[in-house]
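**Student:** sequence and predicted structure below; questions after.
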Amino acid sequence: MLRITGGRVYDPANGIDGEIKDLFIDDSGRFTSAVKGGRTIDATGMIVFPGGVDVHTHVAGGAINFARAMTPEDHRRAQAFIRTKSRRSGLGGMAPTTFATGYLYAGMGWTTLNEAAVPVLSARHTHEELADVPIVDKSSLTLMANNEIMLDQLEAGEYERAKQVVAWYLWAAKSYGIKAVNPGGVAAWKWGKDAKQLSSPIAGYNKLTPGRIVTQLAQICDDLGLPHPLHLHCNNLGAPGNISTTIDTLKHLEGHRAHIAHSQYHAYGGDDWDTICSQTAQLADYFNSHPHITTDAGAVLFGDTVTITADGPWQHLLYKLTGRKWGNLDVENETGCGIVPYTYRPSNLVNAVQWAAGLELLLLIESPWQVFLSTDHPNGGCFWRYPEIIQLLMCADARQEQMEKLSARVKNRITLPEIDREYTLYEIATAMSAGPARALGLPQKGNLGIGADADLVIYNAHADVAQMFGHPRYVIKGGEIVIEDGDIRETPQGREFLVKPACDPETDAFIRPLFEDCYTMSFENYPVEFERVEHAELRDCLPPAGN
């Protein structure tokens, strides 16, 4: 049992904005109305937040392991960012080892994360790695927008069959939701093509378009009652002028829930790399008039990182643009993957526009319930640099200082110099915790109310925002103190959230012969066994109202 007294509490899920309030935690690791006995933490003068929730990150599985192997030189660079006093080998690098991932997230107050891209073929190992990430709770998303068996059903107009295929794959992967990356584009990449236009048939198909894949996958997520809506990496990522593709994609999603991944990479104007500019105001206007759509910003920070995405065509282009080393993986029938090390520089026109665009979206989208803190780790920068982004959101002077590094040419291409908004602590608590928890369909997270999971972080109030958010005084996970005064006290095992959507029992018999035509492994060995997922917790699938 534990009580936290005298703290200034920010709990957007319950409308609490800086109220001096006592919190009580029972032996089950949940908030309660009172306790007898146990430890008391005097939080007088301190700031209390719900534990952070990362809606979009890449921390486990084949792609991140590929990146670790490709960039051994990075493993000495990240020591300056370690937030805790505890040291172990593996804490460095742009893609730290699994146990270090848990240390680093907890070390700045994050207690839940969502691994945003998992091919079913590598899901078994991904779950093993997630189990090795201590402290934080986890979920994962299955890649589906280029799965050949599912695409064939959509091409044939067999929506109901496609829905059953998706449900089958979700349970085979023991996953939490659906990720769509460059719908149709990775399938086209196997023909040496891409899918830039939503209305054009994709290579290898006669009628099937990216737009149709987007609309029908969103409908499938709704019909299956998944807690998290379709998590969409739009077509035409990173390209000048892609704002038109992004707005077209959003129009295809009208009437559906959806979460747009790393929207900064989808908010550019211009005709080529020399004329690229920010078009975040147009994208923010759409979000401001469509409150059912959410996004993570995919903010960029200047410095070294490594880019990882299932968008193979984009990574090949990035390799050609940069001349850096490059790797590509084809995951049989399901998806692909590319890895390219990268350095963001303020002197580079494109990088400077990207840096500004991520901040612009966070500042121009009015509701922090719609836009969440992320760097698409490690693509835009490493997750342990989130305190730097928080400082830029809360302090217009800090943004101005950073903008001094940009050329006049860049400032004419961005909106950031015109924005004077500064986030409040309440808005930060929403964007880093309560908002992403709601978007993920995890009401017990990002919530300091009675009955919710007792995940919280306590900060010493400090004028230096980055210092404050980078070095919490206490981090409490499930009622257990895991970080105290910069030291790791405990490393409990986190849970992993899964869903089991309703699926026609005849789907096995339907998929088996198709599977044996497409895959090199046996059908029986493909699905992940439930018992292989450690500390699994099944979440309900609830069909939308009216169904």
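**Tutor:** Thanks, I have the structure now.

**Student:** contacts, neighbours, all on C-alpha from now
**Tutor:** Noted.

**Student:** quick one: pLDDT of Arg473?
**Tutor:** At Arg473, the model reports a pLDDT of 98.

**Student:** I'd assumed Ala461 was in contact with it.
**Tutor:** No - if you go by Cα atoms under 8 Å, Arg473 and Ala461 don't touch, sitting 9.8 Å apart.

**Student:** neighbour count winner among these two?
**Tutor:** Using other Cα atoms under 10 Å as the criterion, Arg473 and Ala461 rank with Arg473 on top: 23 against 17.

**Student:** quick check: buried residues in stretch 339-347?
**Tutor:** Buried residues in stretch 339-347, counting neighbours by 16 or more other Cα atoms under 10 Å, are found at Ile339, Val340, Pro341, Tyr342, Thr343, Tyr344, Arg345, Pro346.

**Student:** kindly reformat those as JSON lines containing pLDDT, distance to Leu232 and secondary structure.
**Tutor:** As requested, the buried residues of stretch 339-347 are exported to JSON lines (pLDDT from 0 to 100; distance: Cα to Cα, whole Å; DSSP: H, G, I helix; E, B strand; the rest coil):
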{"residue": "Ile339", "pLDDT": "76", "distance to Leu232": "20", "secondary structure": "strand"}
{"residue": "Val340", "pLDDT": "79", "distance to Leu232": "21", "secondary structure": "strand"}
{"residue": "Pro341", "pLDDT": "80", "distance to Leu232": "23", "secondary structure": "strand"}
{"residue": "Tyr342", "pLDDT": "80", "distance to Leu232": "23", "secondary structure": "strand"}
{"residue": "Thr343", "pLDDT": "87", "distance to Leu232": "25", "secondary structure": "strand"}
{"residue": "Tyr344", "pLDDT": "92", "distance to Leu232": "24", "secondary structure": "strand"}
{"residue": "Arg345", "pLDDT": "93", "distance to Leu232": "27", "secondary structure": "coil"}
{"residue": "Pro346", "pLDDT": "95", "distance to Leu232": "28", "secondary structure": "coil"}
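
**Student:** wait, which of those residues is closest to Ile4?
**Tutor:** Within the buried residues of stretch 339-347, the smallest distance to Ile4 is 41.5 Å, found for Tyr344 (Cα to Cα).

**Student:** end to end on stretch 128-139, go ahead and measure it.
**Tutor:** Stretch 128-139 has its terminal residues 13 Å apart, counting by Cα to Cα, to the nearest Å.

**Student:** hmm, I typed the wrong one, I wanted stretch 99-113.
**Tutor:** 14 Å.

**Student:** got it, and stretch 512-527?
**Tutor:** 12 Å.

**Student:** repeat for stretch 229-243
**Tutor:** Taking Cα to Cα as the criterion, the two ends of stretch 229-243 lie 22 Å apart.

**Student:** let me see the mean pLDDT of that stretch.
**Tutor:** The pLDDT scores in stretch 229-243 average 96.

**Student:** buried residues in that stretch?
**Tutor:** Under the neighbour-count criterion of 16+ other Cα under 10 Å, stretch 229-243 has 229-243 buried.

**Student:** assign a three-state SS to the residue sitting nearest the centre point of the chain, would you?
**Tutor:** With distances taken as Cα atoms, centre = their mean, His56 lies nearest the centre of the chain, 0.4 Å away. Three-state call for His56 (DSSP: H, G, I helix; E, B strand; the rest coil): strand.

**Student:** that one contacts Asp296, correct?
**Tutor:** Yes - contact criterion Cα under 8 Å: His56 and Asp296 qualify, at 7.1 Å.

**Student:** overlap in contacts, these two.
**Tutor:** Contact with both His56 and Asp296 is made by residues Ala261, Ser374, according to Cα atoms under 8 Å, 6 or more residues apart in numbering.

**Student:** now Thr507. Its backbone dihedrals?
**Tutor:** phi -70, psi -40 (degrees, to the nearest 10).

**Student:** let me redo that: Leu226
**Tutor:** Main-chain torsions, Leu226, degrees, to the nearest 10: phi -70, psi 140.

**Student:** count the residues that sit near it.
**Tutor:** Around Leu226 there are 25 other residues, counting by other Cα under 10 Å.

**Student:** for Lys500, see how far away the residue lying closest to it once chain neighbours are set aside is.
**Tutor:** What sits nearest to Leu226 in space, not counting adjacent residues and going by Cα to Cα, 6 or more residues apart in numbering, is Cys541, at 5.1 Å. Cys541 sits 7 Å away from Lys500, going by Cα to Cα.

**Student:** do Gly446 as well
**Tutor:** Distance from Gly446 to Lys500, by Cα to Cα: 24 Å.

**Student:** who has more neighbours, the two?
**Tutor:** Applying other Cα under 10 Å to Gly446 and Lys500 shows that Gly446 carries more neighbours, namely 32 against 20.

**Student:** quick one: contacts for that one?
**Tutor:** Neighbours of Gly446 in contact, by Cα under 8 Å, 6+ apart: 11, 13, 50-53, 433-438, 455.

**Student:** His127 contacts Ala536, doesn't it?
**Tutor:** No - in this structure His127 lies outside contact range of Ala536 using Cα under 8 Å: 10.1 Å.

**Student:** who has more neighbours, these two?
**Tutor:** His127 (25 against 20).

**Student:** wasn't the more buried one part of a helix?
**Tutor:** Yes - counting by three-state DSSP, one finds His127 located in a helix.

**Student:** show me the contacts for it.
**Tutor:** Here His127 is in contact with Ala60, Gly61, Arg532, Val533, Glu534 (Cα under 8 Å, 6+ apart).

**Student:** what subset of these is buried?
**Tutor:** Ala60, Gly61, Val533, Glu534.

**Student:** out of those residues, who's nearest Thr97?
**Tutor:** Ala60 (8.8 Å).

**Student:** isn't that closest one right next to Glu129, touching?
**Tutor:** Yes - using Cα under 8 Å, Ala60 is in contact with Glu129, at 5.7 Å.

**Student:** got any residues that touch both of the two?
**Tutor:** Thr98.

**Student:** show the end-to-end separation of stretch 271-281, please.
**Tutor:** 18 Å.

**Student:** and Glu422, how far from Ile414?
**Tutor:** Glu422 sits 18 Å away from Ile414, going by Cα to Cα.

**Student:** where does the protein dip in pLDDT?
**Tutor:** For the chain, applying pLDDT under 70 flags the ranges 62-63, 65-95, 310-311, 314, 316, 319, 326, 329-337, 543-547.

**Student:** okay, strands next: where are they in the stretch 101-250 of the chain?
**Tutor:** 110-118, 137-143, 177-181, 231-233 (DSSP state E, counting those that start in this stretch).

**Student:** hang on, I meant the stretch 251-400 of the chain
**Tutor:** Secondary structure of the stretch 251-400 of the chain (DSSP E, counting those that start in this stretch): strands at 258-260, 268-269, 277-278, 293-296, 303-309, 327-331, 335-344, 371-372.
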